[in-house]
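> make a model of this:
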Amino acid sequence: MIEAEELTHHQQTLRLWEAMGTEVAHSEYGGQERRRRVRLLTPESACRLDVITGNQQQELPVTIRDVCINGACVMGDVAVPVGEMARLHPAAVTGSPLDPVEGRVVSCRWRSGRYRVGVQFQP
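Numbering: from 1, shown residues only. Okay, the predicted model is just below:
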């Protein structure tokens, strides 16, 4: 087992993001689960997603839906282009000094009246 002191700051940050989850999120597609890590549902928390396109940054309010050490699913009112770099900022209510995490948008789908955006964290 790896001791916390041996982890880099970035690895510790990713583990803290994953620790926000409270219960296992089950796939809606009913097929074989393709994710390497189980996603954990989070209490509905408002976050901010900065989408970085070239030298411009768009700040979007989102709600985090689920999270794992490799990424997160957020819900928002604006479509986000797949492939763009992004920075996910934690909810102010988490009670911990959680750092923002960098990632890439890997999916954006319209679901239940909002956009469901998948962000894969950068290792």
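
> which residues of this protein score low on pLDDT?
The chain contains residues with pLDDT under 70 at 1-5, 7, 9-11, 13-41, 92-97.

> what ranges does it have for its strands?
Counting by DSSP state E, one finds strands in the chain at the ranges 23-24, 40-53, 56-68, 71-76, 85-89, 101-111, 114-121.

> pull up the pairing partners for the fourth one, direction included.
Pairing partners of strand 71-76, with direction, according to DSSP bridges: strand 56-68 (antiparallel), strand 114-121 (antiparallel).

> just the second one next, same as before
For strand 40-53, sheet partners with direction are given as strand 23-24 (antiparallel), strand 56-68 (antiparallel), strand 85-89 (antiparallel), following DSSP bridges.

> any idea which of the strands paired with strand 71-76 is most buried?
Comparing the strands paired with strand 71-76 by mean neighbour count (mean count of other CB atoms under 10 Å), strand 114-121 ranks first with a mean of 20. Glycine gets a C-beta too; all of them are placed from N, C-alpha and C.

> just the angle between that strand and strand 101-111, please?
Following axes from the mean of the first three to the mean of the last three CA atoms, to 10 degrees, one obtains 150 degrees for the angle between strand 114-121 and strand 101-111.

> other residues contacting strand 114-121?
The contact list for strand 114-121, computed with CB atoms under 8 Å, 6 or more residues apart in numbering, reads 14, 17, 49, 62, 65, 69-80, 86, 88, 101-110.

> if we use 6 Å, what do you get?
70-76, 79-80, 86, 88, 101, 103-109 (CB atoms under 6 Å, 6 or more residues apart in numbering).

> now do stretch 86-105
Applying CB under 6 Å, 6+ apart, the external contacts of stretch 86-105 come out as 13, 16-17, 45-51, 80, 82, 84-85, 119-122.

> extract the CA atoms of it and return them as PDB.
Output in PDB follows, covering the C-alpha atoms of stretch 86-105 (Å, rounded to 0.1, in the frame of the first residue of the first chain):
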ATOM      1  CA  ALA A  86     -10.800  22.300 -18.900                       C
ATOM      2  CA  ARG A  87     -10.300  23.100 -15.300                       C
ATOM      3  CA  LEU A  88     -12.800  21.900 -12.700                       C
ATOM      4  CA  HIS A  89     -13.000  24.000  -9.500                       C
ATOM      5  CA  PRO A  90     -14.400  22.400  -6.400                       C
ATOM      6  CA  ALA A  91     -17.600  23.300  -4.700                       C
ATOM      7  CA  ALA A  92     -17.300  25.900  -1.900                       C
ATOM      8  CA  VAL A  93     -19.300  23.600   0.400                       C
ATOM      9  CA  THR A  94     -16.800  20.700   0.400                       C
ATOM     10  CA  GLY A  95     -15.200  22.000   3.600                       C
ATOM     11  CA  SER A  96     -11.700  21.200   2.400                       C
ATOM     12  CA  PRO A  97      -9.000  23.100   0.600                       C
ATOM     13  CA  LEU A  98      -9.500  21.100  -2.600                       C
ATOM     14  CA  ASP A  99      -7.400  22.300  -5.500                       C
ATOM     15  CA  PRO A 100      -8.800  22.700  -9.000                       C
ATOM     16  CA  VAL A 101      -8.000  19.900 -11.400                       C
ATOM     17  CA  GLU A 102      -7.000  20.000 -15.100                       C
ATOM     18  CA  GLY A 103      -8.600  17.700 -17.600                       C
ATOM     19  CA  ARG A 104     -10.000  17.200 -21.100                       C
ATOM     20  CA  VAL A 105     -13.600  17.200 -22.200                       C
END
